[in-house]
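In: sequence unknown, structure follows:
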């Protein structure tokens, strides 16, 4: 859980908070991969 939150906090391409990024990652597999790869 902490790893996932840290990855979302590091991700800067999307605007919004961690909650918005969580929802976007849930809806968009491409965004999820981008977050997990740290790009």
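Out: Ah, there it is. Since the structure is predicted, the reported quantities are computational estimates derived from the model, not experimental observations.

In: from here on, contacts and neighbour counts on C-alpha atoms
Out: OK.

In: which non-adjacent residue is nearest residue 24?
Out: Excluding its sequence neighbours, the residue lying closest to residue 24 (Cα to Cα, 6 or more residues apart in numbering) is residue 31, at 7.1 Å.

In: and that neighbour, which of the three is it?
Out: helix (DSSP: H, G, I helix; E, B strand; the rest coil).

In: roughly how far is stretch 29-39 from the heart of the chain?
Out: 7 Å (Cα atoms, centre = their mean, to the nearest Å).

In: sorry, that was for stretch 6-20
Out: Relative to the centre of its chain, stretch 6-20 is centred 5 Å away, using Cα atoms, centre = their mean.

In: thinking again about what came up before, and the residue nearest to residue 24, what pLDDT?
Out: You'll see residue 31 listed with a pLDDT of 93.

In: pretty sure it contacts residue 14?
Out: No - contact between residue 31 and residue 14 fails when scored by Cα atoms under 8 Å: they sit 9.2 Å apart.

In: looking at these two, which one has more neighbours?
Out: The residue with more neighbours, out of residue 31 and residue 14, is residue 31; 19 against 12, by other Cα atoms under 10 Å.

In: check the gap between that one and residue 5 for me.
Out: Plainly put, residue 31 is 15 Å away from residue 5 if you go by Cα to Cα, to the nearest Å.

In: please, where are all the helices along this structure?
Out: Ranges of helices in the chain, per DSSP state H, are 2-10, 18-27, 29-37.

In: the first one vs helix 18-27, what angle?
Out: In terms of direction (axes from the mean of the first three to the mean of the last three Cα atoms, to 10 degrees), helix 2-10 departs from helix 18-27 by 100 degrees.
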